[in-house]
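Trainee: task: produce atomic coordinates for the following.
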Amino acid sequence: MKRLFVTAMIVLLSACFLVACSNTEDTSMISEDTVSEEVKLDENSFTFKLKTSEYNKDENTYLIEYETGLPDGTVVELFIGPGHPDTWGELYDPYFEYIERQQQQVEVEVYDGLISYLFEDTDFNYYPLMNSYMWITFSIPVTDEVNTYIAEEIASEEDFIEKYPEIHKLQQEDEYSSIYMFFEEENGYDLKFYEGFDMTKANSIEEVHGSGIL
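Mentor: Numbering: from 1, shown residues only. Just a heads-up that it's a prediction; the model follows:
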């Protein structure tokens, strides 16, 4: 059941990316020239490792940071999607709409080797963040104007597979979940990478009820 749930969530996350989000990170301190023409992709470029997952119950804020091999200045659309696998039990079923309100997408730039964003109470529509399985998607747009250094080395999905056969191999070995997906667009393409982890330091069901928001 969990594998079926994983597949369903990937479809949901991909659909969510088609909806424009108003959240953006202030990157005025990062120069547009951060990614220079000399930057090249290497075998570790498309790596993502969770560094920080900190939730502040008093403020209902959530800081998430991932270490990445992508160079500073790379534009990344970060999506977080709290969810509950079937294995968590029917107790969580009534909260589907609740957690759907907490799904967020923001545009950030890699800085100091990190994909980082602090989600505020307003981002969560003032709904206390609930314990969940946190689905993460990194969407990397590649066009003639954005992340052009990637376009210079990877013009198609075939190029990506040739340059990163190990990533493609991992994808082929697990038919029930996605590690990455390649989406062609009118003016380029999107590379999406998927991660996830148990979020257990937020609010329990009892605490959410106690907040009086339901």
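Trainee: pLDDT below threshold where in this structure?
Mentor: Low-confidence regions of the chain, defined here as pLDDT under 70, cover residues 1-37, 175-176, 212-214.
Trainee: what residue lies at the spatial centre of it?
Mentor: Here the mean C-alpha position of the chain is nearest to the C-alpha of residue 137 (Cα atoms, centre = their mean), at a distance of 2.6 Å.
Trainee: that one is in contact with residue 81, isn't it?
Mentor: Yes. Using Cβ atoms under 8 Å, residue 137 is in contact with residue 81, at 7.4 Å. Bear in mind the C-beta positions are built from the backbone N, C-alpha and C, glycine included.
Trainee: contacts for stretch 109-116, please.
Mentor: Outside stretch 109-116, the residues that touch it by Cβ atoms under 8 Å, 6 or more residues apart in numbering are 25, 27, 30, 34, 48, 51-52, 63-76, 78, 108, 138.
Trainee: and the buried ones among the residues you listed, selectable in PyMOL?
Mentor: Below is the selection syntax for PyMOL that covers the buried ones among the contacts of stretch 109-116, with 16 or more other Cβ atoms under 10 Å defining burial:
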select buried, resi 27+30+48+64+65+66+67+68+69+70+71+72+73+74+75+76+78+108+138
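Trainee: residues in contact with the residue lying closest to residue 138 once chain neighbours are set aside?
Mentor: Closest residue in space to residue 138, ignoring its immediate chain neighbours: residue 193 at 4.6 Å, by Cβ to Cβ, 6 or more residues apart in numbering. For residue 193, the residues meeting the contact criterion (Cβ under 8 Å, 6+ apart) are 46, 48, 137-138, 140, 179-180.
Trainee: adding secondary structure and distance to residue 161, write those residues out as JSON lines.
Mentor: Rendered in JSON lines, the data for those read as follows (DSSP: H, G, I helix; E, B strand; the rest coil; distance: Cβ to Cβ, whole Å):
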{"residue": "46", "secondary structure": "coil", "distance to residue 161": "12"}
{"residue": "48", "secondary structure": "strand", "distance to residue 161": "19"}
{"residue": "137", "secondary structure": "strand", "distance to residue 161": "20"}
{"residue": "138", "secondary structure": "strand", "distance to residue 161": "18"}
{"residue": "140", "secondary structure": "strand", "distance to residue 161": "16"}
{"residue": "179", "secondary structure": "coil", "distance to residue 161": "13"}
{"residue": "180", "secondary structure": "strand", "distance to residue 161": "10"}
